[in-house]
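Student: sequence and predicted structure are below.
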Amino acid sequence: MYVLARGDYAVRAMLTIAAAHGGLVKAGTLATDQKIPPSFLQDILLELRRADLLHSHRGVEGGYGLARSAADISVGDVLRAVSGVLTVVRGLPAETTRYHGPAAGLGTVWLAVHRAIGDVVDRTSLADLLTRGGTPSRSSSRAEPDGNDAAPVREPAPPTSA
């Protein structure tokens, strides 16, 4: 995973809006408070509105607010809204990588990395970041119910006698 400025700015803007606890936040305030270039921020806010994560109100008393509660918006929701995918391998989504010969198993590694990243960002809500410093509180929809989604543990080789 490579977090682009776009994703970082989007999460920071969403956290600032979430911290307003239902109040509206002006784009200029977001740009100033989070040191985000205003023209870049406008594009990000538009993408977040299109993804139904934000709503906006025009006018003197206008601004941006969350479209649903901070507990119901994950970091993964925000990142996907502005970046499309979470994990990229050679410029392509991790799920599209194909390898042959000795490297055939590498795709499985990239998919495991993709799932692990997804698990963390999908379980971490904006509310988690505001109240618990990022400790996820929601269960992942991708996790196996029996917890067997972890990589197998290899037993150490028995000692050899010399």
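Tutor: Thanks, I have it.
Student: confidence score at Tyr64?
Tutor: Looking at Tyr64, its pLDDT stands at 95.
Student: could you look up the next helix or strand downstream of whichever strand or helix holds it?
Tutor: Per DSSP states H and E: Tyr64 is located in strand 63-66. Going down the chain from strand 63-66, the next helix or strand is helix 75-83, by DSSP H and E.
Student: got the buried residues for that following helix?
Tutor: Neighbour-count burial for helix 75-83, counted by 16 or more other Cβ atoms under 10 Å, picks out 75-83. In this view, the C-beta of every residue, glycine as well, is placed from N, C-alpha and C.
Student: now render these as CSV, adding distance to Arg68.
Tutor: Converted to CSV, the buried residues of helix 75-83 look like this (distance: Cβ to Cβ, whole Å):
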residue, distance to Arg68
Val75, 14
Gly76, 14
Asp77, 10
Val78, 12
Leu79, 17
Arg80, 15
Ala81, 13
Val82, 17
Ser83, 20
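Student: closest to Glu95 out of these?
Tutor: Nearest to Glu95 out of the buried residues of helix 75-83 is Arg80 (Cβ to Cβ; 13.4 Å).
Student: number of residues surrounding the closest residue to the closest one other than its chain neighbours?
Tutor: Of all residues not flanking Arg80 in the chain, Leu86 sits nearest, at 6.9 Å (Cβ to Cβ, 6 or more residues apart in numbering). Neighbour count of Leu86, defined by other Cβ atoms under 10 Å: 23.
Student: next, give phi and psi for the closest residue in space to Leu106 that isn't next to it in sequence.
Tutor: Nearest-residue entry for Leu106: Tyr99, 4.8 Å, with adjacent residues in sequence omitted and distances by Cβ to Cβ, 6+ apart. Tyr99 adopts backbone torsions of phi -130, psi 160, taken as degrees, to the nearest 10.
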